[in-house]
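Student: Got a predicted structure plus its sequence, pasted below:
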Amino acid sequence: MDWNIVTEGFRERKSAWIYTFQKVDLIKVCERYNIKCSDKDTLDELRKKISAVIKETNKEETVDDKNKVSSGSEFKMSFAGTMIELFKKGNNWNAFEKQLGAFIALNNVEDSKKSALLITRLSSAVSEELLSVCENVDPLTLDYAALISKLSTLYEPKGNEHLSRFTFRDRKQKEGESIKDYMVALRGLVTKCKFGTNETKGQLKDQLISGVKSKTIRYELLKESDKTLDKLLKLAETVEMALAEMNDDKKKVIQENKQVEDIENNEVSSVHAIWNNNQGQQRKYYNKDNKVLIHQQQDTQMIKTQIANAVERRIIQRINVIFEKNTRVD
């Protein structure tokens, strides 16, 4: 018998599923949902009773999401927040348990209904395994804590405590990983180490100091190692931010120095261009026999003036670059 089909049918207010169940199964459905019935009822009578309850529920849906199911009984048909997904084999049991606990707290689910809610959120395969460990005891008769214990035995990972602690202590901050992301990774690993509640924070502090990649951040943390974990984490993030800003400034300086070098190289190139141009002007006035110079050499003072003007322009450009740099710093 698949209770998920039953739960889905009541939630969606559909009754087609009733005709796929046998009499003994429908009696169990009536018992769970407080629908009056007896062993003397025929299969058709049971179907009619359940169908009538589903129709009544559909008609009497109210703003506060409570419906009259049978004489004097009520149950909540909708909840605050999104209904959690079914727990299936291979899913993370610890995550599911915490999510279900939060859902129960959010909706103020009564203790008498917690077990039923838990069972409805189990897949068919998981429900079968639960039945096998209950040893002929109806899971609905067990309280919520007992069901959680049995399911934890089946699906909670059996980790190696020593291996988990080794993995935790071996975790170092990766290249490009922020302090915040590094701490998130450490918190995820430390949950498997089974340290005491008070010991966990101390272990996180030690690993933060020893595993951080920057020597500067480690030095600052060691100076304040008597502080709480939260304060050390805030200090590490502050130093990390300061180092990042310093690296940005360093990159700007390198870029500006490259601009200055380019200007200096251009100065030399300009001088060479003027000189080569002058030499070319001299060579083109030799006659074919290359014996008689028919053009007088250009005035030497003119060449000096051209070179001086070129150098002056490059120097002015360099001064402007330095001036812009100082203006940005101010």
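Tutor: Structure received.
Student: okay, CA-based contacts and neighbour counts for the rest of this
Tutor: Noted.
Student: low pLDDT regions in the stretch 1-150 of the chain?
Tutor: 1, 57-81 (pLDDT under 70).
Student: switch to 50 and redo it
Tutor: 60-77 (pLDDT under 50).
Student: for stretch 131-147, which positions count as buried?
Tutor: By neighbour count on 16 or more other Cα atoms under 10 Å, the buried set for stretch 131-147 is Pro139, Leu140, Tyr144, Leu147.
Student: er, stretch 118-135 I mean
Tutor: Counting neighbours by 16+ other Cα under 10 Å, stretch 118-135 gives Leu118, Ile119, Thr120, Arg121, Leu122, Ser123, Ser124, Val126, Ser127, Leu130 as buried.
Student: Could you check how far the residue nearest to the third one when sequence neighbours are not counted is from Leu243?
Tutor: Taking Cα to Cα, 6 or more residues apart in numbering as the measure, Thr120 lies nearest to Asn4, with 5.9 Å between them; neighbours along the chain are not counted. For Asn4, the distance to Leu243 (Cα to Cα, to the nearest Å) stands at 56 Å.
Student: separation between Gly176 and Ser38?
Tutor: Counting by Cα to Cα, the gap from Gly176 to Ser38 is 69 Å.
Student: between those two, who's got more neighbours?
Tutor: More neighbours sit around Ser38 than around the other of Gly176 and Ser38, counting by other Cα atoms under 10 Å; the figures are 11 against 7.
Student: Could you tell me whether the more buried one really is in a strand?
Tutor: No. Under the criterion used here (DSSP: H, G, I helix; E, B strand; the rest coil), Ser38 is coil, not part of a strand.
Student: per the record, what domains does this protein have?
Tutor: With automatic domain parsing as the criterion, the domains of the chain are listed as 3-155, 161-242, 253-329.
Student: Leu140 against Leu117, yeah?
Tutor: No. Distance between Leu140 and Leu117: 9.9 Å, which falls outside the contact criterion (Cα atoms under 8 Å).
Student: can you give me the strands in the stretch 51-200 of the chain?
Tutor: The residue ranges that make up the strands of the stretch 51-200 of the chain, judged by DSSP state E, counting those that start in this stretch, are 66-70, 73-76.
Student: Could you report the distance from Asp249 to Val53?
Tutor: From Asp249 across to Val53, the span is 73 Å (Cα to Cα).
Student: ok, the two, which is more surrounded?
Tutor: Ranked by neighbour count (other Cα under 10 Å), Asp249 and Val53 place Val53 first, with 20 against 13.
Student: ok, now how distant is the more buried one from Arg13?
Tutor: Using Cα to Cα, which is the criterion applied here, Val53 is 9 Å from Arg13.
Student: what do the two both touch?
Tutor: Residues touching both Val53 and Arg13 (Cα atoms under 8 Å, 6 or more residues apart in numbering): there are none.
Student: Dump whichever strand or helix holds Asp44 to CSV, keeping only the CA atoms.
Tutor: Under the criterion of DSSP states H and E, Asp44 resides in helix 43-59. As requested, the backbone C-alpha atoms of helix 43-59 are provided in CSV (Å, rounded to 0.1, in the frame of the first residue of the first chain):
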residue,chain,number,x,y,z
LEU,A,43,-16.0,-2.2,-0.5
ASP,A,44,-18.4,0.1,-2.2
GLU,A,45,-19.6,1.6,1.1
LEU,A,46,-16.0,2.3,2.1
ARG,A,47,-15.3,4.0,-1.2
LYS,A,48,-18.4,6.2,-0.8
LYS,A,49,-17.5,7.3,2.7
ILE,A,50,-14.0,8.3,1.7
SER,A,51,-15.2,10.0,-1.5
ALA,A,52,-17.8,11.9,0.5
VAL,A,53,-15.1,13.2,2.9
ILE,A,54,-12.9,14.3,0.0
LYS,A,55,-15.8,16.2,-1.5
GLU,A,56,-16.8,17.7,1.8
THR,A,57,-13.2,18.8,2.3
ASN,A,58,-13.3,20.5,-1.1
LYS,A,59,-16.5,22.4,-0.3
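Student: What is that helix packed up against?
Tutor: On a contact count with 3 or more Cα pairs under 8 Å, 6 or more residues apart in numbering; DSSP states H and E, helix 43-59 meets helix 23-32, strand 66-70.
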